[in-house]
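Participant: Here is my input; please provide its structure:
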Amino acid sequence: MPGKDGMMRRATGAIGRRLAAAILGTGALGGLSARAARACSGVDCRFLVYYGQDEAAPVGDYDVAVLDAEAPAALLARRAPGARLLGYVSMGEVHASRAYFTEAEAGGILLGRNPNWPDAWFVDMRAPLWGRLVLDRIVPAALARGFDGVFLDTIDDAEFLEQRDPRRHAGMIDAAAGLVRRMRRRFPTAGIMVNRGYAVLPSIVGQFDMLLGESVRTTHEADGTTYRRLPEHDYAWQRDAMWEARRRFPSLRLFSLDYWDPADRDGIARIYAEQRRNGFVPYVATPDLTRIVPPPREAS
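Facilitator: Residues are numbered from 1 along each chain as shown. Got it, this is the predicted structure:
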(Lines give C-alpha, C1' and ligand atoms only; values in the text may rest on other atoms or scores of the structure.)
Protein backbone atom coordinates (compact mmCIF):
# COMPACT_ATOMS: atom_id res chain seq x y z
CA MET A 1 0.00 0.00 0.00
CA PRO A 2 1.18 3.54 -0.37
CA GLY A 3 3.31 4.87 2.40
CA LYS A 4 6.74 6.35 2.86
CA ASP A 5 8.24 3.05 1.81
CA GLY A 6 6.32 2.55 -1.40
CA MET A 7 3.30 0.71 -2.67
CA MET A 8 2.62 -2.98 -2.74
CA ARG A 9 1.83 -4.54 -6.11
CA ARG A 10 -1.80 -5.49 -6.20
CA ALA A 11 -1.26 -9.02 -7.44
CA THR A 12 -4.88 -9.58 -8.41
CA GLY A 13 -3.85 -11.45 -11.54
CA ALA A 14 -1.63 -14.50 -11.88
CA ILE A 15 0.89 -13.56 -9.17
CA GLY A 16 -0.12 -15.31 -5.99
CA ARG A 17 -3.26 -16.92 -7.47
CA ARG A 18 -1.84 -20.42 -7.40
CA LEU A 19 -0.97 -20.02 -3.72
CA ALA A 20 -4.18 -18.36 -2.58
CA ALA A 21 -5.83 -21.60 -1.53
CA ALA A 22 -2.89 -22.33 0.77
CA ILE A 23 -3.20 -19.16 2.83
CA LEU A 24 -2.82 -19.83 6.53
CA GLY A 25 -2.97 -17.69 9.62
CA THR A 26 -3.69 -17.94 13.30
CA GLY A 27 -4.24 -16.08 16.50
CA ALA A 28 -6.78 -13.69 17.90
CA LEU A 29 -6.46 -9.94 17.72
CA GLY A 30 -3.01 -10.10 19.24
CA GLY A 31 -2.03 -7.56 21.84
CA LEU A 32 -5.48 -6.01 22.18
CA SER A 33 -6.82 -5.02 25.57
CA ALA A 34 -10.05 -6.66 26.73
CA ARG A 35 -12.00 -3.53 25.84
CA ALA A 36 -10.62 -3.28 22.35
CA ALA A 37 -11.02 -7.01 21.79
CA ARG A 38 -14.68 -6.72 22.77
CA ALA A 39 -15.11 -3.69 20.51
CA CYS A 40 -13.53 -5.65 17.67
CA SER A 41 -15.29 -8.93 18.34
CA GLY A 42 -17.37 -8.42 15.20
CA VAL A 43 -17.15 -6.69 11.86
CA ASP A 44 -18.29 -3.42 13.47
CA CYS A 45 -14.76 -2.90 14.82
CA ARG A 46 -13.55 0.59 13.91
CA PHE A 47 -10.45 0.23 11.73
CA LEU A 48 -8.17 2.89 10.24
CA VAL A 49 -5.07 3.11 8.05
CA TYR A 50 -3.59 6.62 8.14
CA TYR A 51 -0.10 7.79 7.18
CA GLY A 52 -0.68 11.51 7.60
CA GLN A 53 1.11 13.68 10.15
CA ASP A 54 -1.78 15.84 11.36
CA GLU A 55 -1.53 15.83 15.15
CA ALA A 56 -5.24 16.63 15.42
CA ALA A 57 -6.41 13.75 13.21
CA PRO A 58 -9.26 11.86 14.92
CA VAL A 59 -7.48 8.55 15.45
CA GLY A 60 -9.34 8.31 18.75
CA ASP A 61 -12.46 7.33 16.82
CA TYR A 62 -10.95 3.94 15.98
CA ASP A 63 -10.28 0.68 17.82
CA VAL A 64 -7.39 -0.48 15.61
CA ALA A 65 -5.30 2.05 13.70
CA VAL A 66 -2.29 1.58 11.43
CA LEU A 67 -0.12 4.70 11.48
CA ASP A 68 3.27 5.59 10.09
CA ALA A 69 5.89 4.38 12.56
CA GLU A 70 7.27 7.92 12.70
CA ALA A 71 3.91 9.61 13.29
CA PRO A 72 3.99 12.51 15.79
CA ALA A 73 3.80 11.49 19.43
CA ALA A 74 0.83 13.83 19.85
CA LEU A 75 -1.06 11.78 17.27
CA LEU A 76 -0.39 8.54 19.12
CA ALA A 77 -1.60 10.17 22.31
CA ARG A 78 -5.02 10.70 20.73
CA ARG A 79 -5.78 6.99 20.75
CA ALA A 80 -9.07 5.83 22.23
CA PRO A 81 -8.86 4.15 25.65
CA GLY A 82 -7.98 0.51 25.08
CA ALA A 83 -7.44 0.91 21.35
CA ARG A 84 -4.38 -0.51 19.67
CA LEU A 85 -1.98 1.24 17.32
CA LEU A 86 0.18 -0.58 14.79
CA GLY A 87 3.29 1.03 13.33
CA TYR A 88 3.96 0.73 9.61
CA VAL A 89 6.98 -1.40 8.74
CA SER A 90 7.96 -2.04 5.14
CA MET A 91 9.47 -5.50 4.87
CA GLY A 92 10.47 -5.49 1.23
CA GLU A 93 11.33 -1.88 0.46
CA VAL A 94 13.21 1.07 1.94
CA HIS A 95 12.19 4.63 1.20
CA ALA A 96 14.98 7.14 0.60
CA SER A 97 13.63 9.31 3.42
CA ARG A 98 14.12 6.70 6.14
CA ALA A 99 16.99 7.21 8.54
CA TYR A 100 18.38 3.75 7.83
CA PHE A 101 18.38 4.15 4.03
CA THR A 102 22.03 5.23 3.94
CA GLU A 103 23.11 2.22 5.97
CA ALA A 104 21.12 -0.13 3.75
CA GLU A 105 22.60 1.46 0.64
CA ALA A 106 26.14 1.30 2.00
CA GLY A 107 25.59 -2.33 2.97
CA GLY A 108 24.77 -3.27 -0.61
CA ILE A 109 21.35 -4.73 0.18
CA LEU A 110 19.24 -2.51 -2.09
CA LEU A 111 18.12 -4.24 -5.28
CA GLY A 112 16.93 -1.32 -7.35
CA ARG A 113 14.11 1.19 -7.43
CA ASN A 114 10.46 0.27 -7.40
CA PRO A 115 9.39 1.62 -10.82
CA ASN A 116 6.00 2.59 -9.44
CA TRP A 117 7.51 4.54 -6.53
CA PRO A 118 10.99 5.80 -7.53
CA ASP A 119 11.93 6.87 -4.00
CA ALA A 120 11.38 3.32 -2.73
CA TRP A 121 14.04 0.67 -3.23
CA PHE A 122 13.58 -3.08 -3.10
CA VAL A 123 15.62 -4.63 -0.32
CA ASP A 124 17.25 -8.04 -0.08
CA MET A 125 15.29 -9.72 2.71
CA ARG A 126 17.88 -12.50 2.81
CA ALA A 127 20.63 -10.14 3.96
CA PRO A 128 21.71 -10.38 7.63
CA LEU A 129 22.01 -6.59 7.69
CA TRP A 130 18.32 -6.21 6.84
CA GLY A 131 17.38 -8.65 9.58
CA ARG A 132 19.38 -6.64 12.09
CA LEU A 133 17.85 -3.37 10.96
CA VAL A 134 14.31 -4.72 11.23
CA LEU A 135 14.68 -6.63 14.49
CA ASP A 136 17.19 -4.46 16.34
CA ARG A 137 16.11 -0.99 15.24
CA ILE A 138 12.93 -0.59 13.21
CA VAL A 139 10.49 -2.69 15.23
CA PRO A 140 11.96 -1.81 18.66
CA ALA A 141 11.81 1.89 17.78
CA ALA A 142 8.11 1.61 16.92
CA LEU A 143 7.29 -0.24 20.13
CA ALA A 144 9.34 2.21 22.21
CA ARG A 145 7.29 5.07 20.78
CA GLY A 146 4.09 3.55 22.13
CA PHE A 147 2.87 1.35 19.31
CA ASP A 148 1.30 -1.93 20.40
CA GLY A 149 2.49 -3.84 17.39
CA VAL A 150 3.46 -3.56 13.76
CA PHE A 151 1.84 -3.65 10.36
CA LEU A 152 4.01 -5.53 7.86
CA ASP A 153 3.67 -4.11 4.36
CA THR A 154 5.41 -5.00 1.07
CA ILE A 155 6.04 -8.53 2.30
CA ASP A 156 4.73 -9.74 -1.06
CA ASP A 157 7.82 -8.23 -2.65
CA ALA A 158 9.44 -11.56 -1.78
CA GLU A 159 7.23 -13.41 -4.25
CA PHE A 160 7.42 -10.63 -6.82
CA LEU A 161 11.23 -10.62 -6.82
CA GLU A 162 11.62 -14.38 -6.73
CA GLN A 163 9.24 -14.84 -9.65
CA ARG A 164 10.83 -12.01 -11.64
CA ASP A 165 14.34 -13.49 -11.39
CA PRO A 166 14.30 -16.96 -9.79
CA ARG A 167 18.07 -17.37 -9.90
CA ARG A 168 19.08 -13.97 -8.54
CA HIS A 169 16.37 -13.85 -5.89
CA ALA A 170 16.12 -17.52 -4.92
CA GLY A 171 15.10 -17.99 -1.29
CA MET A 172 13.47 -14.58 -0.89
CA ILE A 173 10.11 -16.03 0.18
CA ASP A 174 11.75 -18.26 2.79
CA ALA A 175 13.81 -15.33 4.05
CA ALA A 176 10.73 -13.16 4.48
CA ALA A 177 9.01 -15.92 6.41
CA GLY A 178 12.05 -16.44 8.59
CA LEU A 179 12.19 -12.77 9.42
CA VAL A 180 8.57 -12.82 10.61
CA ARG A 181 9.20 -15.91 12.72
CA ARG A 182 12.19 -14.23 14.36
CA MET A 183 10.11 -11.14 14.94
CA ARG A 184 7.47 -13.17 16.78
CA ARG A 185 10.10 -14.80 18.98
CA ARG A 186 11.75 -11.47 19.76
CA PHE A 187 8.48 -9.61 20.45
CA PRO A 188 5.99 -12.26 21.62
CA THR A 189 3.38 -9.84 22.96
CA ALA A 190 3.38 -7.38 20.06
CA GLY A 191 0.47 -7.51 17.64
CA ILE A 192 1.45 -8.35 14.06
CA MET A 193 -0.76 -7.57 11.07
CA VAL A 194 0.34 -8.85 7.67
CA ASN A 195 -0.70 -7.21 4.41
CA ARG A 196 -1.45 -9.96 1.92
CA GLY A 197 1.91 -11.69 1.37
CA TYR A 198 0.09 -14.84 0.33
CA ALA A 199 3.16 -16.80 -0.77
CA VAL A 200 4.74 -16.23 2.66
CA LEU A 201 1.75 -16.95 4.89
CA PRO A 202 1.87 -20.77 4.78
CA SER A 203 5.35 -20.60 6.35
CA ILE A 204 4.39 -18.28 9.21
CA VAL A 205 1.40 -20.08 10.67
CA GLY A 206 0.99 -18.97 14.27
CA GLN A 207 3.45 -16.13 13.89
CA PHE A 208 1.00 -13.28 13.16
CA ASP A 209 -2.33 -12.14 14.50
CA MET A 210 -4.23 -10.25 11.80
CA LEU A 211 -4.50 -10.47 8.03
CA LEU A 212 -5.26 -7.50 5.81
CA GLY A 213 -6.59 -7.84 2.29
CA GLU A 214 -5.81 -4.73 0.22
CA SER A 215 -7.85 -3.74 -2.84
CA VAL A 216 -10.24 -6.63 -2.28
CA ARG A 217 -13.37 -5.15 -3.86
CA THR A 218 -12.20 -1.81 -5.28
CA THR A 219 -8.94 -0.14 -6.25
CA HIS A 220 -7.60 2.92 -8.04
CA GLU A 221 -5.72 3.66 -11.22
CA ALA A 222 -2.16 4.97 -11.36
CA ASP A 223 -3.38 8.56 -11.50
CA GLY A 224 -4.66 8.22 -7.94
CA THR A 225 -7.98 9.86 -8.76
CA THR A 226 -9.80 7.21 -10.79
CA TYR A 227 -11.43 4.32 -8.98
CA ARG A 228 -12.86 1.04 -10.19
CA ARG A 229 -14.37 -2.17 -8.96
CA LEU A 230 -12.22 -5.23 -9.48
CA PRO A 231 -13.31 -7.90 -11.95
CA GLU A 232 -15.29 -10.63 -10.26
CA HIS A 233 -12.59 -13.28 -10.68
CA ASP A 234 -9.94 -11.06 -9.08
CA TYR A 235 -12.28 -10.12 -6.27
CA ALA A 236 -13.27 -13.73 -5.69
CA TRP A 237 -9.76 -15.18 -5.42
CA GLN A 238 -8.68 -12.82 -2.65
CA ARG A 239 -12.00 -12.95 -0.81
CA ASP A 240 -12.05 -16.75 -0.98
CA ALA A 241 -8.42 -16.96 0.14
CA MET A 242 -9.22 -14.88 3.20
CA TRP A 243 -12.23 -17.05 3.92
CA GLU A 244 -10.03 -20.13 3.66
CA ALA A 245 -7.68 -18.63 6.23
CA ARG A 246 -10.59 -18.07 8.59
CA ARG A 247 -11.93 -21.56 7.96
CA ARG A 248 -8.61 -23.08 8.95
CA PHE A 249 -8.15 -20.76 11.93
CA PRO A 250 -11.50 -19.40 13.14
CA SER A 251 -9.90 -16.91 15.56
CA LEU A 252 -7.97 -15.14 12.82
CA ARG A 253 -9.23 -11.57 12.31
CA LEU A 254 -9.61 -10.42 8.73
CA PHE A 255 -9.42 -6.77 7.69
CA SER A 256 -9.98 -5.15 4.31
CA LEU A 257 -8.66 -1.94 2.78
CA ASP A 258 -10.36 -0.66 -0.35
CA TYR A 259 -10.05 2.61 -2.26
CA TRP A 260 -12.89 4.81 -3.46
CA ASP A 261 -13.85 8.40 -4.19
CA PRO A 262 -14.41 10.03 -0.76
CA ALA A 263 -17.17 12.21 -2.24
CA ASP A 264 -19.23 9.15 -3.16
CA ARG A 265 -20.68 8.38 0.25
CA ASP A 266 -23.23 5.92 -1.14
CA GLY A 267 -20.47 4.03 -2.92
CA ILE A 268 -18.41 3.87 0.27
CA ALA A 269 -21.44 2.63 2.20
CA ARG A 270 -21.91 -0.18 -0.31
CA ILE A 271 -18.26 -1.26 0.05
CA TYR A 272 -18.51 -1.28 3.84
CA ALA A 273 -21.71 -3.31 3.70
CA GLU A 274 -20.29 -5.85 1.27
CA GLN A 275 -17.06 -6.33 3.19
CA ARG A 276 -18.91 -6.71 6.45
CA ARG A 277 -21.09 -9.37 4.86
CA ASN A 278 -17.83 -11.08 3.93
CA GLY A 279 -16.84 -11.05 7.59
CA PHE A 280 -14.07 -8.47 7.12
CA VAL A 281 -13.37 -5.41 9.27
CA PRO A 282 -13.32 -2.74 6.54
CA TYR A 283 -11.78 0.62 5.84
CA VAL A 284 -12.19 2.63 2.62
CA ALA A 285 -9.53 5.22 1.85
CA THR A 286 -7.90 7.43 -0.75
CA PRO A 287 -4.70 6.06 -2.38
CA ASP A 288 -2.17 8.16 -0.46
CA LEU A 289 -3.71 7.31 2.93
CA THR A 290 -2.83 10.76 4.25
CA ARG A 291 -6.41 11.78 4.97
CA ILE A 292 -9.02 10.05 7.07
CA VAL A 293 -12.15 9.08 5.20
CA PRO A 294 -14.87 8.55 7.81
CA PRO A 295 -17.07 5.50 7.50
CA PRO A 296 -20.67 5.94 6.44
CA ARG A 297 -22.94 6.85 9.31
CA GLU A 298 -24.64 3.48 9.37
CA ALA A 299 -21.22 1.74 9.46
CA SER A 300 -19.66 3.85 12.23
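Participant: where does the stretch 201-300 of the chain dip in pLDDT?
Facilitator: Low-confidence segments of the stretch 201-300 of the chain (pLDDT under 70): 298-300.
Participant: Quick one: the helices in it, in order.
Facilitator: Ranges of helices in the stretch 201-300 of the chain, per DSSP state H, counting those that start in this stretch, are 232-248, 265-277.
Participant: For the protein, which residue occupies the most central location?
Facilitator: The centroid of the chain falls nearest to Asn195 when counting by CA atoms, centre = their mean (3.4 Å).
Participant: need the contact list for that residue.
Facilitator: 1, 8, 151-156, 212, 214 (CB atoms under 8 Å, 6 or more residues apart in numbering). Quick note: C-beta positions are derived from backbone N, CA and C, even for glycine.
Participant: Lowest-confidence entry in those?
Facilitator: Across the contacts of Asn195, the bottom pLDDT score, 38, is held by Met8.
Participant: quick one on the thing from earlier: biggest separation within the contacts of Asn195, which pair?
Facilitator: Taking CB to CB as the measure, the contacts of Asn195 span a maximum distance of 13.7 Å, between Phe151 and Asp156.
Participant: Could you report the neighbour count for the residue lying closest to Asp157 once chain neighbours are set aside?
Facilitator: Nearest residue to Asp157 in three dimensions, chain neighbours excluded: Gly92, at 2.8 Å (CB to CB, 6 or more residues apart in numbering). Summarising burial for Gly92: neighbours were counted as other CB atoms under 10 Å, giving 29.
Participant: does Gly92 really touch Glu159, like I thought?
Facilitator: No - applying CB atoms under 8 Å as the test, Gly92 and Glu159 come out as separate, 9.5 Å apart.
Participant: where exactly do the strands run in the stretch 101-250 of the chain?
Facilitator: Under the criterion DSSP state E, counting those that start in this stretch, strands of the stretch 101-250 of the chain are mapped to 110-114, 117-123, 149-153, 191-195, 210-214, 218-220, 227-229.
Participant: gap between the nearest residue to Arg126 once chain neighbours are set aside and Arg132?
Facilitator: What sits nearest to Arg126 in space, not counting adjacent residues and going by CB to CB, 6+ apart, is Ala175, at 4.0 Å. Relative to Arg132, Ala175 is positioned 13 Å away (CB to CB, to the nearest Å).
Participant: now swap in Gly171 and tell me
Facilitator: Gly171 is 18 Å from Arg132, by CB to CB.
Participant: returning to what we had before: mind putting the contacts of Asn195 into TSV with distance to Arg297?
Facilitator: Shown next, in TSV, are the contacts of Asn195 (distance: CB to CB, whole Å):
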residue	distance to Arg297
Met1	26
Met8	30
Phe151	27
Leu152	32
Asp153	30
Thr154	34
Ile155	35
Asp156	34
Leu212	24
Glu214	25
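Participant: thinking again about what came up before, next one, pLDDT for the residue nearest to Arg126 please.
Facilitator: Ala175 is given a pLDDT of 98.
Participant: same deal with Leu32?
Facilitator: Reading off the model, Leu32 has pLDDT 49.
Participant: try Asn116
Facilitator: pLDDT recorded at Asn116 is 83.
Participant: rewinding a little: format the helices of the stretch 201-300 of the chain as JSON lines; extra columns: distance to Ala120.
Facilitator: Compiled in JSON lines, the helices of the stretch 201-300 of the chain are given as follows (distance: least, CB to CB, whole Å):
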{"stretch": "helix 232-248", "distance to Ala120": "23"}
{"stretch": "helix 265-277", "distance to Ala120": "27"}
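Participant: Met49 belongs to a strand?
Facilitator: Not quite, residue 49 is Val, not Met. Yes - counting by DSSP: H, G, I helix; E, B strand; the rest coil, Val49 falls inside a strand.
Participant: ok, now which ones touch it?
Facilitator: 1, 65-66, 151, 257, 283, 285, 289.
Participant: Then Arg137?
Facilitator: Tyr100.
Participant: likewise Arg217?
Facilitator: Neighbouring residues of Arg217 by CB under 8 Å, 6+ apart: 229-230, 235, 256, 258, 271, 274-275.
Participant: cool, Val139 as well?
Facilitator: 89, 150, 183, 186-187, 190.
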